[in-house]
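Colleague: here are the coordinates; sequence isn't available:
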DNA sequence: CTGATATTTGACCTCTGATTCAAGAATATC
DNA sequence: GATATTCTTGAATCAGAGGTCAAATATCAG
């Protein structure tokens, strides 16, 4: 069946684009630090339209977090399925995240980490969303390590799940560290992490 | 020389006590989330007195962060100078922090970590303060590991400084994780961390 | 007691945040 | 064209934030 134009005045902006813009604002300024006025301006629409389309700041944030989840998962998959050993892949993954952060004009870290800290304790729905997002990352990492284990890339004794959880937690820590230390300091810790987990 | 009572009406509250109360509020609600009204009420004084004594919310926060620094350093020293092997000491240190967090009615993590994320990117002074505070922790941990190295507690090949930096970053990650995961999940990662660093 | 100095207080002020809304604009159906 | 429906917008609303201030209060020095 063919879709006919919906009745009424047609939307003059794309929701997904608006969400992507809002995501950038939330990512840079945090939830509380992002005003409806800013969000609307970034999306190129009026405040009213924003509320009409998304209901509330909180709902918009939920959508932005979902979008972040999707693009983030894509990036991890891409980086972990690249060439090289397990160790090299994981190192590339970690250094890429760190470098991307430092290459940006503002150090904004990871939206999930920022959100966990800002809202994780007060908003159960957000906490669950962040947890799901984190679990996804853990699973992808675990799968890559397990692959390495089967291929003889990493010791057969390694617990892929445990190491994956550990690495994701470590990444969160690096994201925090990146707020107050410089690139070199953070990259050195990446090095220590990789060496400690996978051996010299 | 003896101190005479200063001229004028004497202060009716203790600054350090007020700072300690303010620290609790900032710790629980974050910087932006703590209103002058709340801070004054927690300190048991009027808003006016608070501004008279501390100048601004920002300055009060600086003092609160200093207080946190001092008490935090004391705790680390105490835990790391306890009995047991290096591995046991570090484990005790990490589990104590995690347990303390989960035993509290609200999960508020570590004020330094929270601050790094909330203000680290925008306020250079705060970033420096957090960095100093972190460095202090790193140094104390490094000293304990170095002691273990000399006592044969840990492998002679271990780089105490690098491992200390790594452990502090990992702790930051655990603090983030504690916002969205439960106690068991976090303690398991502590276990993985300790085992990975110090061996099984 | 009379200043002089410091502290305390809540009322007050200004600004911004999140949200709602009435009016207008663009499209569909008939 | 008339009517229904949906989207757009900035003005209006209400609350709360951060900060200031004058008046009241409590101590000093002479």
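Modeller: Great, that's in hand. Because the structure is predicted, anything quoted here is derived from the model rather than measured.
Colleague: Tell me the first helix or strand C-terminal of the host helix or strand of residue A:175.
Modeller: Per DSSP states H and E, residue A:175 falls inside helix A:160-177. For helix A:160-177, the succeeding helix or strand toward the C-terminus, using DSSP H and E, is helix A:183-198.
Colleague: so residue A:172 makes contact with residue B:180?
Modeller: No: applying CB atoms under 8 Å, one finds residue A:172 not in contact with residue B:180, separated by 10.2 Å. For every residue, glycine as well, the C-beta is placed using N, CA and C.
Colleague: so where's the longest helix in chain A?
Modeller: Across chain A, the longest stretch assigned as helix under DSSP state H is helix A:124-150.
Colleague: does that one come close to chain B?
Modeller: Yes: judged by CB under 8 Å from any CB of the partner chain, helix A:124-150 and chain B are in contact via A:127-128, A:130-131, A:134.
Colleague: need the contact list for the residue nearest the centre of chain A.
Modeller: Against the mean C-alpha coordinate of chain A, by CA atoms, centre = their mean, the closest residue is residue A:72 at 4.7 Å. For residue A:72, the contacting residues are A:112, A:133, A:137, by CB atoms under 8 Å, 6 or more residues apart in numbering or on different chains.
Colleague: buried sites along the helix or strand where it lies?
Modeller: With the criterion set as DSSP H and E, the secondary-structure element containing residue A:72 is helix A:57-80. For helix A:57-80, the buried set under the neighbour-count rule, 16 or more other CB atoms under 10 Å in any protein chain shown, comprises A:57, A:60-65, A:67-69, A:72, A:76, A:79-80.
Colleague: Let me see the contact set for the nearest residue in space to residue A:11 that is not next to it in sequence.
Modeller: Closest residue to residue A:11 in three dimensions, ignoring its sequence neighbours and counting by CB to CB, 6 or more residues apart in numbering or on different chains: residue A:53, at 7.7 Å. Residues counted as contacts of residue A:53 (CB under 8 Å, 6+ apart) are A:11, A:15, A:18, A:45.
Colleague: Can you tell me the closest non-neighbouring residue to the last one?
Modeller: Ranked by CB to CB, 6+ apart and with sequence neighbours excluded, the top spatial neighbour of residue A:45 is residue A:13, at 5.3 Å.
Colleague: close enough to count as contact, the one you found and residue A:42?
Modeller: No: counting by CB under 8 Å, residue A:13 does not reach residue A:42; the two are 11.6 Å apart.
Colleague: okay, the two: which has more neighbours?
Modeller: Set side by side, residue A:13 and residue A:42 show more neighbours around residue A:42, with 19 against 14, by other CB atoms under 10 Å in any protein chain shown.
Colleague: And the next helix or strand past the helix or strand hosting that one?
Modeller: Element membership for residue A:42, per DSSP H and E: helix A:36-43. Scanning the chain past helix A:36-43 towards its C-terminal end, the next helix or strand to appear is helix A:47-54 (assignment: DSSP H and E).
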